[in-house]
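1. Can you look at this prediction? I've put the sequence above it.
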Amino acid sequence: MSKTAIIISISSDIGLALADRWLAQGWQVHGTFRSHTPALEALRQRGATLVQCDLADASAVDAASAELAAGPAGWDVLVVASGTTEPIGRFLDTDFDDWSRSLAVNFTQQLRFTHRLLPARDS
């Protein structure tokens, strides 16, 4: 029986490596990405389901999580491989909105995704 994985930020180095490995093992792989790349097209051609999502945008997270929740019921693995290192610099010299976006991408939007996906897994 095939396993199913959902990878949030499949376009990250970690997300791509896991998707590549699991597709080679016959898993069903579903994931989100922010920008198209040749590597993503290769995953799509190998059978991965890809959903565009900018994790800095709550409405994009809601839409992408709804699309994924409607898909693979009973998925086996959820990987959240997103993250940003910005802002970089002295705290008082950086834009506070950049800190807000960083916290959203690195924490709250990841929780939002998980919160939206878990009920679909358990149904």
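-> Nice, I can see it.
2. what mean pLDDT does the longest helix belonging to the chain have?
-> The residue-count maximum for a helix in the chain (DSSP state H) belongs to helix 109-122. If you average the pLDDT over helix 109-122, you get 90.
3. what's in contact with it?
-> Applying C-beta atoms under 8 Å, 6 or more residues apart in numbering, the external contacts of helix 109-122 come out as 6, 8, 55-56, 58, 61-62, 64-66, 68-70, 73-75, 78, 80, 82. Yep, even glycine has a C-beta here, placed from its N, CA and C like the rest.
4. now with 6 Å?
-> With C-beta atoms under 6 Å, 6 or more residues apart in numbering as the test, helix 109-122 has contacts from I8, L55, V61, S65, A69, W75, V80.
5. Repeat that for stretch 33-46.
-> Counting by C-beta under 6 Å, 6+ apart, I10, S11, L16, A19, L23, L50, D54 sit against stretch 33-46.
6. Quickly check these for the two that are furthest apart.
-> Spatially, the most separated pair among the contacts of stretch 33-46 is L23 and D54, at 24.2 Å (C-beta to C-beta).
7. Roughly how far does the closest residue to S12 other than its chain neighbours sit from T32?
-> Distances taken as C-beta to C-beta, 6 or more residues apart in numbering put A81 closest to S12, at 4.4 Å, once the chain neighbours are dropped. Distance, A81 to T32, using C-beta to C-beta, to the nearest Å: 10 Å.
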